[in-house]
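S.K.: Next come a sequence and a model predicted from it.
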Amino acid sequence: MAVKLFVSDLDGTMLPSRSAVSPENIAAVRRAAEAGVVVTIATGRMFEAALPVAEALGLDVPIISYNGALIKSPSGRVYEEHTLDAQLARDIISFCHARDWYIQEYSGGRLRYEKACDESRAYEASQGVPGIAVGRAGMLEHAAGNCKLLLATQGREITIARAEEIAEAFGAQVDVTRSADTLIEIVPKGISKATALRTLAAKLGIPAEETMAIGDAYNDLPMLEAAGKSIAMGNAFPEVKEATDYETLTCAENGLAAAIYAYVLGMGADAPIPLPKRDI
């Protein structure tokens, strides 16, 4: 299969935790681009947090951010944008505050939360983006224009329980997914990395069967299922591995680069980062 659009998740796929993109992954992405493949990013991160990665790759390609709610290029072109209704966002924020749950918002490209805490500090460190403590009233004041809301928790069981509670209360109006064991993403209904992949492919004139996606987490599943072919990272959740066509090495082993060489460029044992024969 000829691949013309290759879409990669960021955290756990292109980026190890709190790390910059590796020289190995940069080299593989650039080789694919030189071969005529559009290589881009699909992430739950805000656009501003994904931008440094795109710049490190040296590519001015559309970035899928906010779990599919915004498609925008580093040069500033907006391909697609979806935001939560302002009153709905206020209702969700109030719902979480009434339960003393941590929640954050992103209107105007700025990260905001009620007050600094362990969750906010951990998120800021992982994303490399500073946030602003605005109090509960401030959160409601900035409810308009949010592509996404996010809850950070202290563990998997709490995350599952809170995601289910939010989905029960607001599931008719939003989509709720888990991007990690401690993160819950809330986006406009019907929006996902999958819808963004389809939209971007259509705008670029690329048939769905000539797209490929790679990821590791639950919020990657719709995108992986929508792509012509899909790849799970070696560190992916079991459900992701079960749903994909191929599997590569782990993120720490530069599995993204190995996947590009094997599945996009068709290289074998002579690849800079070859896959074991059992994985090809």
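M.R.: Great, that's in hand. Numbering: from 1, shown residues only.
S.K.: ok, now which ones touch residue 107?
M.R.: By C-beta atoms under 8 Å, 6 or more residues apart in numbering, the contact set of residue 107 is 142-146. Just so you know, the C-beta spots here come from the backbone N, C-alpha and C atoms, and that holds for glycine as well.
S.K.: cutoff 10 Å now
M.R.: 83-84, 86, 89, 139, 141-147 (C-beta atoms under 10 Å, 6 or more residues apart in numbering).
S.K.: Of the residues you listed, which is the nearest to residue 76?
M.R.: When those are compared for distance to residue 76 (C-beta to C-beta), residue 147 comes out closest, at 16.0 Å.
S.K.: do you know how far that closest one is from residue 106?
M.R.: Computed as C-beta to C-beta, to the nearest Å, the residue 147 to residue 106 distance reads 6 Å.
S.K.: Which one of those two is surrounded by more residues?
M.R.: residue 106 (27 against 23; other C-beta atoms under 10 Å).
S.K.: Quick check: pLDDT value at the more buried one.
M.R.: You'll see residue 106 listed with a pLDDT of 97.
S.K.: do the one 10 residues further on as well
M.R.: You'll see residue 116 listed with a pLDDT of 97.
S.K.: Please apply the same query to residue 56.
M.R.: For residue 56, pLDDT reads 92.
S.K.: Does it touch residue 20 like I think?
M.R.: Yes. Residue 56 lies in contact with residue 20 (C-beta atoms under 10 Å); the separation is 6.7 Å.
S.K.: Common neighbours of these two, please.
M.R.: With C-beta under 10 Å, 6+ apart, residue 56 and residue 20 have common neighbours residue 26.
S.K.: More neighbours: which of those two?
M.R.: residue 56 (16 against 13).
S.K.: mind listing what that one touches?
M.R.: 14, 20-23, 25-26, 29.
S.K.: what helix or strand is it on?
M.R.: For residue 56, the host element (DSSP states H and E) is helix 47-57.
S.K.: thinking again about what came up before, any chance of the contacts of residue 107 in CSV, with distance to residue 40, pLDDT and secondary structure too?
M.R.: Shown next, in CSV, are the contacts of residue 107 (distance: C-beta to C-beta, whole Å; pLDDT from 0 to 100; DSSP: H, G, I helix; E, B strand; the rest coil):
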residue, distance to residue 40, pLDDT, secondary structure
83, 21, 98, coil
84, 24, 98, coil
86, 29, 98, helix
89, 27, 98, helix
139, 31, 98, helix
141, 34, 98, helix
142, 29, 98, coil
143, 29, 98, coil
144, 28, 98, coil
145, 24, 97, coil
146, 23, 98, coil
147, 17, 97, coil
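S.K.: Among those residues, name the buried ones.
M.R.: For those, a neighbour count by 16 or more other C-beta atoms under 10 Å gives the buried set as 83-84, 89, 139, 142-143, 146-147.
S.K.: of all the residues you listed, which comes closest to residue 95?
M.R.: Distances from residue 95 to the buried ones among the contacts of residue 107, taken by C-beta to C-beta, are shortest for residue 89, at 10.6 Å.
S.K.: For that closest one, give its distance to residue 167.
M.R.: When distance is defined by C-beta to C-beta, residue 89 is 16 Å away from residue 167.
S.K.: Residue 250 now?
M.R.: 30 Å.
S.K.: And residue 120, by the same measure?
M.R.: 24 Å.
S.K.: These two: who's more crowded?
M.R.: Between residue 120 and residue 167, residue 120 has the larger neighbour count (other C-beta under 10 Å), namely 21 against 16.
S.K.: If we ignore the residues flanking it in sequence, what's nearest that one?
M.R.: residue 113 (4.9 Å; C-beta to C-beta, 6 or more residues apart in numbering).
S.K.: count of neighbours near the one you found?
M.R.: If you count neighbours by other C-beta under 10 Å, residue 113 ends up with 23.
S.K.: let's have the chain start at 22 instead
M.R.: Okay, residue one is now 22; in that scheme the one you just asked about reads as residue 134.
S.K.: Run through the bridge partners of it.
M.R.: Listed beta-bridge partners, residue 134: residue 125, residue 154 (assigned using DSSP bridges).
S.K.: pretty sure it is touching residue 144, no?
M.R.: Yes. Using C-beta under 10 Å, residue 134 makes contact with residue 144 at a distance of 8.5 Å.
S.K.: what residues are shared contacts of these two?
M.R.: Counting by C-beta under 10 Å, 6+ apart, the residues touching both residue 134 and residue 144 are 123, 125, 152, 171, 173.
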